[in-house]
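*Asks:* Below is the sequence, then the predicted model.
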Amino acid sequence: MSRRASSTNASSVTRLVLALCLVGALFVGLFYDAPYAYADERVSVVDLSNADESLDGAEVVFICEAIGDIINGHGGFVWVAAGPCPDGRNESSAKEAAGAVQTDDVASSAQANASISVYMTREAAAQISNLGRYHVIGATLEITGVFHLACDEHQGLSDVHASSVRVIDAGGSISEQPDRWLLISGVLLAFTGVLFMLVFRILKERMR
């Protein structure tokens, strides 16, 4: 009887141990990848322009406009300046989503002055058909790469070493369309002027 009781107790203990092992395995499975959850952290150009040590060495993903000029680097690499997209996409940073509040003036100023240098292969840069400048919208790019707050390879420059460059929109020249309401206002003003001249001439003739 005691042997049967001992066997039953041993079986219960074994089941308990197995259950605890299963719970532990599930816990590890759920949280083991947590350090990598932010490996491909989606950020903005403004975030990178104002980044601190917390992003240094992180793999980031961001959407940007290719601006300025493509500058030759070494060993088949080039530099491309990345600025915020004209349509403002991907400019809601994780910090803002967490509750950080900026005034419109401060946010607009930060976005207008933000930029980050991207180090990429010449082949990747060959996809860029337009660079943002006066009357030209640069190509919209989605870039994945490692952010360096003070890159050891490039004299302490803050940059992103791109591992993937994808063109979302090719960009192109901005054709200035005339303002329709301004055109209509001009025509109406000219018509009113001619009408006043005719009325003045008719009144002048009658006064003779």
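*Replies:* Yep, that arrived.
*Asks:* What segments of the chain are helices?
*Replies:* Secondary structure of the chain, counting by DSSP state H: helices at 2-31, 45-49, 94-97, 104-113, 122-125, 180-206.
*Asks:* which of those has the lowest average pLDDT?
*Replies:* Mean pLDDT per stretch puts helix 94-97 lowest among those, at a mean of 44.
*Asks:* The chain - how does it break down into domains?
*Replies:* Structural domains assigned to the chain are 2-36, 41-173, following automatic domain parsing.
*Asks:* same for the longest strand belonging to the chain, what does it pack against?
*Replies:* For the chain, the strand that runs over the most residues, judged by DSSP state E, is strand 59-72. The criterion is 3 or more C-beta pairs under 8 Å, 6 or more residues apart in numbering; DSSP states H and E, and the helices and strands that strand 59-72 contacts are strand 41-42, helix 45-49, strand 77-83, strand 140-148, strand 159-169. Glycine gets a C-beta too; all of them are placed from N, C-alpha and C.
*Asks:* Go again with 10 Å.
*Replies:* The elements that strand 59-72 packs onto, with contact taken as 3 or more C-beta pairs under 10 Å, 6 or more residues apart in numbering; DSSP states H and E, are strand 41-42, helix 45-49, strand 77-83, strand 116-121, helix 122-125, strand 136-137, strand 140-148, strand 159-169.
*Asks:* Pick the most deeply packed of those.
*Replies:* Neighbour counts (mean count of other C-beta atoms under 10 Å) averaged over each of the helices and strands packed on strand 59-72 peak at helix 45-49, with a mean of 23.
*Asks:* sorry, back to before: export the helices and strands packed on strand 59-72 as TSV, with columns for distance to residue 206.
*Replies:* Rendered in TSV, the data for the helices and strands packed on strand 59-72 read as follows (distance: least, C-beta to C-beta, whole Å):
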stretch	distance to residue 206
strand 41-42	77
helix 45-49	69
strand 77-83	66
strand 116-121	74
helix 122-125	76
strand 136-137	59
strand 140-148	66
strand 159-169	65
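*Asks:* among these, which is nearest residue 184?
*Replies:* Among the helices and strands packed on strand 59-72, strand 136-137 comes nearest to residue 184, with 27.8 Å by C-beta to C-beta.
*Asks:* Check what pLDDT the residue nearest to residue 137 when sequence neighbours are not counted gets.
*Replies:* Nearest residue to residue 137, sequence neighbours excluded (C-beta to C-beta, 6 or more residues apart in numbering): residue 171, at 4.3 Å. pLDDT, the model's per-residue confidence, is 91 for residue 171.
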